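Student: Generate a structure from the sequence data that follows.
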Amino acid sequence: MKTWTRSNRSPLLGAGSPPAVLQRLFRHVLVLLALAGSTSPVGAQDPVISEFLASNGQGWVDEDGDTSDWIELFNPGPAPVDLSGWFLTDDQSDLQQWAFPAGTSLAPQAFLVVFASDKDRAVAGQELHTNFKLRADGEYLALIKADGIQIASEYAPEFPQQYSDVSFGYAFQAGPPEHSYFPVPTPGEANGPGGPLIEDVSHTPHQPTPQEDVVVVARLVGDLGPGGRVDLHWRVNFEPENSLRMYDDGTHGDQFAFDGRYSTTIFAGSYQEGDLLRWSVHATDSRGRTGRSPFFADPDGSPEYFGTMVPDPSVQSPLATLSWFVEDPNAANTPTGTRCSLFYDGELYDNVFVRIRGGVSLTWPKKNYKFDFNRGYSFRFDPLQRRVEEINVNSSYSDKSYVRRFLAWESYRDAGALHCISFPLRMQQNGEFFSVAAFVEQPDEDYLIRQGLDQEGALYKMFNACIDAHNGVEKKTRRHEDHSDLEALIDGLFQFGQDQENFVFDNVELHSVINYLAVTSLVHDNDHVAKNYYLYRDTEGDGEWTMLPWDKDLTFGRNFTLPDGVLSDLIWADDDPYSHPLFGDLGHRKVDGDWNKLIDACYRSPRIQEMYLRRLRSLIDRLLQAPDTPPSELKLEARIVELHQQLEADVALDIAAWGIPPWGTMNLDFAGGLQQLIDEYLIPRRVHLFETHGPGNGGLIPPAQLESPGLYFGAIEAEPISGNQDEDFIEIVNPHPVAVDLEGWSLNGGVNFRFPPGTVLAAGDSLYLSPDLPAFRARSTGPGGGQALYVLGPYQGELDPGDPLSLFDPEGELINMAGGPSLSFEGFQGPLAVFQLYGATPMSDQVIAYSLTGPGPIQSSYGILELSPPIYSMDGFSSDLSGALEVKIFLPPGTPSGLPVWLQILDTGADQLSNGVSFTTP
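Tutor: Okay, here's the model as predicted:
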């Protein structure tokens with residue numbers, strides 16, 4: 001371990017912290033009062049934030065091998081400073097965000113580097129890491145004294161835009177203190193002299209017509225001195241640059257003279273509709289120092305220009321339009337790629353890297369593209385979503401219907417599964433129509449954050465059937481670590497029998513994997529068993545693994561076939577083993593023989609297979625819908641109609657530009673491809689899943705789930721023997737002979753938990769809710785790891801003995817309460833109304849009370865009666881050895897239809913009332 005400190009013989013000249021009123025007035029500029037006869041500012045005895053790097057791409061690495069952001073402190077005083085209990089923060093409302101550990105000292109004329117990594121490590125004498133990261137687009141940053149109030153050094157209200165591998169801080173020079181960018185960062189050493197700082201480059205109008213001038217304004221920090229000047233370099237598309245002098249005289253569009261704002265005008269007539277217009281600002285001061293904005297420190301990692309696009313009124317489309325400008329289109333069509341500019345939703349992204357992506361698709365005339373944005377200039381594809389650093393723009397060449405990717409990703413979304421955002425794009429290239437393509441989100445750290453996953457987890461892109469931890473694997477996160485976590489997963493999957501099942505229950509996030517497999521079966525993805533999926537582990541959380549979907553062009557009947565590969569019009573919907581509900585295991589392989597070890601391990605466990613099949617039934621009921629569903633109610637067909645209308649005009653341009661793909665049926669156009677998807681996939685797929693493999697034929701897939709099946713509480717541990725409350729648990733029991741899908745169910749009371757999509761409780765099985773899954777599995781007595789127990793969590797709150805707990809179904813109906821008997825209405829069997837009681841005292845009398853007038857409530861000596869008077873009772877019932885009772889109430893002939901009945905049971909063995917239920921006579 002190492003603490004980055006370094007002494008320096010030369011003092012930092014001009015360091016210090018500005019008065020708050022001047023900060024507000026001059027924003028980023030530190031206006032400092034010099035002491036008489038000294039070059040040091042007021043307050044210079046305090047340590048200062050002398051330099052920081054907010055976009056570390058290829059620079060310093062921390063002890064984990066990560067290129068984390070960093071903050072450098074400098075002590076300009078003659079004495080050491082004890083930093084124990086001082087703070088660093090990037091949140092002006094939380095000045096005590098991260099504290100230096102006791103024993104941290106900064107020697108005189110010395111530097112200290114702290115990594116802003118969000119890893120939160122604070123041990124004196126070791127590498128220090130804050131609990132926050134720095135934002136390259138600018139934010140507040142401050143060093144706070146130990147009282148948590150006094151500001152020793154700050155960048156307020158925020159520091160300016162930062163660039164990849166370019167630091168920012170004080171220029172070490174004689175004269176007034178100045179901030180500057182540093183192309184060569186010097187962590188732990190004195191900074192260089194810097195140069196003019198250009199901020200806030202803006203222009204009007206936002207998107208000019210060819211008849212409108214463009215006024216560009218740039219704000220400079222500090223005085224350029226005699227002979228200093230500012231120039232605008234501008235260009236149209238990829239034509240040579242032009243140069244214009246910028247002035248701070250109040251007559252060139254900057255409004256006020258000598259306010260530090262320089263401006264000039266690019267006159268109308270220099271550009272046409274659809275043109276790309278870009279510029280950069282260059283400043284030179286009287287000492288010959290230069291500054292540039294954008295900084296453009298890295299030709300392969302930063303924007304070269306600001307700019308805009310001249311709108312083309314002839315481009316009218318209901319699709320989102322991505323305008324792509326590239327000097328050498330042929331270079332973009334290579335794996336090595338080139339740089340380009342993109343304009344999307346009113347924003348220019350300059351000097352973006354683009355290359356082709358894929359495997360077989362590399363040879364197609366219409367390519368799949370990957371765009372990689374510069375750090376600090378992430379892409380905003382949706383104002384409601386976080387920006388992303390990388391996107392995929394995929395070709396429609398392999399799908400004549402154009403819609404399979406969208407239908408597939410929307411199916412994952414609608415099932416509550418992990419998924420990529422995807423939508424259709426109109427692509428313009430260099431001002432001309434290029435293609436209709438598919439935006440597909442990239443699975444990376446941005447994706448993990450959007451999905452609610454920890455970005456510090458391990459993410460692997462898999463190119464094998466979950467059988468090898470090294471070959472056919474790309475590790476995307478935690479790259480400072482080896483693949484031992486993936487090795488452990490694969491070793492565990494290669495166990496047999498009960499050992500394998502125990503391992504899967506303890507190491508796989510079953511609800512997520514089950515949901516993934518169910519949607520994947522619904523959309524008939526055969527191409528995901530040995531590639532086109534990711535594995536993710538919540539490394540710093542529960543340690544569980546899940547599967548993430550990827551590449552959904554071969555779905556809804558399209559498949560890899562032999563010998564035609566992926567370019568075939570052959571549609572599979574009911575062709576077992578490829579269309580089988582258990583596709584992907586050893587017994588149901590892909591056409592080329594591949595099968596997946598993780599999928600096989602799940603399906604080999606009778607319990608997990610049952611859970612998966614129940615979830616599959618839930619999703620086909622909801623999304624695919626049964627064969628006898630009225631056509632006007634079919635959701636997928638309705639969505640296809642919407643997409644047809646949305647895409648039709650642009651697809652006509654696409655076919656005019658590229659033609660119908662010359663494979664398979666040559667005349668299968670857009671409309672024909674959509675109809676084929678309905679006729680040859682959706683219709684037979686419904687029959688195959690609902691009937692061929694459905695309950696009517698004794699198949700695998702169960703009947704539709706009954707509404708609100710009764711579950712009850714089992715063991716509740718609020719005082720574990722170990723004294724560790726992380727070992728608390730709540731057991732929920734399914735007494736039924738069928739599995740129950742718990743999506744949308746919730747537990748409320750002393751603790752709270754909402755069951756995630758994909759949660760299924762197998763027949764006669766239990767699940768355990770825990771505040772800490774690793775702690776539950778480490779229990780030394782009772783339920784714990786190595787027992788093939790289904791554990792979910794964490795729940796919110798702390799469980800105390802006797803806490804009220806209530807279990808609700810998705811409609812908010814109370815299913816059970818902890819600490820008493822649970823009653824549920826099971827439906828009708830001819831003239832019999834059937835009820836089920838669980839959790840009563842074994843072998844005790846049960847009194848049935850009912851009302852025909854309402855649900856109460858009224859107070860009784862046994863608690864709250866959910867019945868209104870008059871109340872009637874029936875006795876002669878007794879619970880069995882397990883505390884259960886099935887009640888069948890005969891409805892005599894002539895019972896009025898539509899009569900509401902409210903019912904509740906008294907357990908005389910404990911003098912406790914069950915919950916109340918109601919039904920309406922048929």
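Student: CA only for contacts and neighbour counts going forward, please
Tutor: OK.
Student: Go ahead and produce CSV holding the CA coordinates of the helix or strand hosting Ala833.
Tutor: Secondary-structure assignment from DSSP states H and E places Ala833 in strand 832-838. C-alpha atoms of strand 832-838 as CSV (Å, rounded to 0.1, in the frame of the first residue of the first chain):
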residue,chain,number,x,y,z
LEU,A,832,-69.2,-25.9,-3.0
ALA,A,833,-67.3,-22.7,-2.0
VAL,A,834,-63.8,-23.9,-1.1
PHE,A,835,-61.5,-22.2,1.5
GLN,A,836,-58.1,-23.1,2.8
LEU,A,837,-56.8,-22.3,6.3
TYR,A,838,-53.1,-22.5,7.2
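Student: for the record, mean pLDDT for that strand?
Tutor: Mean pLDDT, computed over strand 832-838, is 90.
Student: That strand pairs with which strands, and in what direction?
Tutor: Next to strand 832-838 in the sheet, as set by DSSP bridges, lie strand 822-829 (antiparallel), strand 885-890 (antiparallel).
Student: quick one: the first one to chain centroid distance?
Tutor: Between the centre of strand 822-829 and the centre of its host chain there is 41 Å, according to Cα atoms, centre = their mean, to the nearest Å.
Student: Contacts for it, please.
Tutor: By Cα atoms under 8 Å, 6 or more residues apart in numbering, the residues outside strand 822-829 that reach it are 708-712, 815-816, 833-840, 904-905, 914-919.
Student: Low-confidence ranges, the stretch 651-800 of the chain, go.
Tutor: Along the stretch 651-800 of the chain, no part satisfies pLDDT under 70.
Student: quick one on the thing from earlier: just the strands paired with strand 832-838: most buried one?
Tutor: Highest mean neighbour count of these: strand 822-829, a mean of 21 (counted as mean count of other Cα atoms under 10 Å).
Student: What's the end-to-end length of stretch 723-737?
Tutor: Stretch 723-737 has an end-to-end distance of 36 Å (Cα to Cα, to the nearest Å).
Student: give the contact list for the residue nearest to Ile871 when sequence neighbours are not counted.
Tutor: In this structure, Ile871 finds its nearest non-sequential neighbour in Ser851, 5.0 Å apart by Cα to Cα, 6 or more residues apart in numbering. Residues near Ser851 by Cα under 8 Å, 6+ apart: 867-872, 901-903.
Student: just to revisit the earlier point, what's the spacing between the strand holding Ala833 and its chain's center?
Tutor: For strand 832-838, the distance to the chain centre is 44 Å (Cα atoms, centre = their mean).
Student: So, low pLDDT: which residues of the protein?
Tutor: 1-44, 173-177, 819, 882.
Student: Show me how the record splits it into domains.
Tutor: 1-194, 198-307, 320-395+419-441, 405-414+460-468+475-541+553-700, 712-813, 820-920 (automatic domain parsing).
Student: Okay, buried residues for the strand holding Ala833 please.
Tutor: Counting neighbours by 16 or more other Cα atoms under 10 Å, one finds that the buried residues in strand 832-838 are 833-838.
Student: And the contacts of it?
Tutor: 710-712, 821-828, 883-891.
Student: Next secondary structure after that strand?
Tutor: Next element after strand 832-838 (DSSP H and E): strand 845-851.
Student: then that following strand to CSV, C-alphas only?
Tutor: The C-alpha coordinates for strand 845-851 follow below in CSV (Å, rounded to 0.1, in the frame of the first residue of the first chain):
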residue,chain,number,x,y,z
ASP,A,845,-61.3,-26.6,16.8
GLN,A,846,-62.0,-23.9,14.2
VAL,A,847,-65.1,-21.8,14.3
ILE,A,848,-66.3,-20.3,11.0
ALA,A,849,-68.0,-16.9,11.2
TYR,A,850,-69.6,-15.2,8.3
SER,A,851,-71.7,-12.1,7.4
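Student: Contacts for the helix or strand following it, please.
Tutor: Remark: after strand 845-851, the chain's next helix or strand is strand 858-860, criterion DSSP H and E. Strand 858-860 is contacted from outside by 864-868, using Cα under 8 Å, 6+ apart.
Student: switch to 10 Å and redo it
Tutor: Here strand 858-860 makes contact (Cα atoms under 10 Å, 6 or more residues apart in numbering) with 864-869, 913.
Student: Buried among those? Need that as a selection in ChimeraX.
Tutor: Buried residues among the contacts of strand 858-860 (16+ other Cα under 10 Å), as a ChimeraX selection:
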select :864,865,866,867,868,913
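Student: mind checking the longest helix of this structure?
Tutor: Longest helix of the chain, by residue count under DSSP state H: helix 635-658.
Student: Give the other helices and strands that the helix or strand following it contacts.
Tutor: Remark: after helix 635-658, the chain's next helix or strand is helix 670-676, criterion DSSP H and E. Packed against helix 670-676, as judged by 3 or more Cα pairs under 10 Å, 6 or more residues apart in numbering; DSSP states H and E, are the following elements: helix 635-658.
Student: For the helix it packs on, enumerate the helices and strands it packs against.
Tutor: helix 404-414, strand 422-429, strand 432-441, helix 670-676.
Student: Identify whichever of these lies nearest to Gly786.
Tutor: helix 404-414 (31.3 Å; Cα to Cα).
Student: Could you list the alpha-carbon positions for that closest one in PDB?
Tutor: Coordinates of each C-alpha in helix 404-414 appear next as PDB, following Å, rounded to 0.1, in the frame of the first residue of the first chain:
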ATOM      1  CA  ARG A 404     -37.600  -8.200 -34.400                       C
ATOM      2  CA  ARG A 405     -35.000  -6.500 -32.200                       C
ATOM      3  CA  PHE A 406     -37.600  -4.000 -31.000                       C
ATOM      4  CA  LEU A 407     -40.200  -6.700 -30.200                       C
ATOM      5  CA  ALA A 408     -37.600  -8.800 -28.400                       C
ATOM      6  CA  TRP A 409     -36.100  -6.000 -26.200                       C
ATOM      7  CA  GLU A 410     -39.600  -4.700 -25.400                       C
ATOM      8  CA  SER A 411     -40.600  -8.200 -24.300                       C
ATOM      9  CA  TYR A 412     -37.700  -8.300 -21.800                       C
ATOM     10  CA  ARG A 413     -38.700  -4.900 -20.700                       C
ATOM     11  CA  ASP A 414     -42.400  -5.700 -20.200                       C
END
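Student: That one: which residues count as buried?
Tutor: 404-412.
Student: Tell me the one of the buried residues of strand 832-838 nearest Gln97?
Tutor: Tyr838 (50.1 Å).
Student: beta partners for that closest one?
Tutor: Ser822.
Student: What separation do you get for it and Ile871?
Tutor: Counting by Cα to Cα - Tyr838 and Ile871 are separated by 23 Å.
Student: Repeat that for Ile266.
Tutor: The value you get for Ile266 to Ile871, if Cα to Cα is used, is 87 Å.
Student: Which one's more surrounded, these two?
Tutor: Ile266 (20 against 15; other Cα atoms under 10 Å).
Student: Who does that one form a beta bridge with?
Tutor: Under the criterion used (DSSP bridges), Ile266 bridges to Val214.
Student: check contacts around it.
Tutor: 212-216, 232, 234-235, 242-244, 277, 279.
Student: And for Ala649?
Tutor: By Cα under 10 Å, 6+ apart, the residues touching Ala649 are 316-319.
Student: Also Asp569?
Tutor: With contact taken as Cα under 10 Å, 6+ apart, Asp569 is in contact with 398-400, 557-559, 663-666, 668, 673, 676.
Student: Dump those into CSV; add distance to Gly472 and neighbour count as well.
Tutor: What follows is the contacts of Asp569, written out as CSV (distance: Cα to Cα, whole Å; neighbours: other Cα atoms under 10 Å):
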residue, distance to Gly472, neighbour count
Ser398, 24, 20
Asp399, 27, 22
Lys400, 30, 20
Gly557, 27, 25
Arg558, 24, 27
Asn559, 21, 25
Trp663, 30, 14
Gly664, 31, 12
Thr665, 34, 12
Met666, 36, 11
Leu668, 36, 19
Gly673, 34, 18
Gln676, 35, 18
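Student: how about these in TSV, adding distance to Pro294?
Tutor: Shown next, in TSV, are those (distance: Cα to Cα, whole Å):
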residue	distance to Pro294
Ser398	40
Asp399	41
Lys400	43
Gly557	49
Arg558	47
Asn559	47
Trp663	47
Gly664	50
Thr665	51
Met666	50
Leu668	49
Gly673	47
Gln676	51
